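Engineer: Dropping the sequence and predicted coords here.
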Amino acid sequence: MDYDSHYRAFRQYARLRSQLKAAHTDVLEKIMLRRRMKNLADFCIIRSAEDRRRKIE
């Protein structure tokens, strides 16, 4: 994978994360955002802190 698409995916991930933290998003929207973030994380190997903890256990 080239650097450019990796960077784009990371920016999109950050945008989704800020949407997730916003108070006005409802529960269903949050679930969808989480799912999209997980797909992005798999795509550009961004691991969340929980994933890292789960691997250690």
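Structural biologist: That came through, no problem. Numbering: from 1, shown residues only.
Engineer: For the helix or strand containing residue 39, buried residues please.
Structural biologist: Using DSSP states H and E, residue 39 sits within helix 27-44. Using 16 or more other Cβ atoms under 10 Å as the test for burial, helix 27-44 gives 33, 37, 40-41. In this view, the C-beta of every residue, glycine as well, is placed from N, C-alpha and C.
Engineer: what about it, average pLDDT?
Structural biologist: The average pLDDT within helix 27-44 is 79.
Engineer: Just give me the closest of the buried residues of helix 27-44 to residue 9.
Structural biologist: residue 40 (5.4 Å; Cβ to Cβ).
Engineer: what's near enough to touch that closest one?
Structural biologist: Contacts here follow Cβ atoms under 8 Å, 6 or more residues apart in numbering; on that basis residue 40 touches 9, 12-13, 16, 46.
Engineer: which residue packs closest to the residue most central in space within the chain, ignoring adjacent ones?
Structural biologist: When the chain is reduced to its mean C-alpha position, the closest residue under Cα atoms, centre = their mean turns out to be residue 37, at 2.9 Å. Spatial nearest neighbour of residue 37, chain neighbours left out: residue 16 (5.0 Å); criterion: Cβ to Cβ, 6 or more residues apart in numbering.
Engineer: Kind regards, and thank you for your time.
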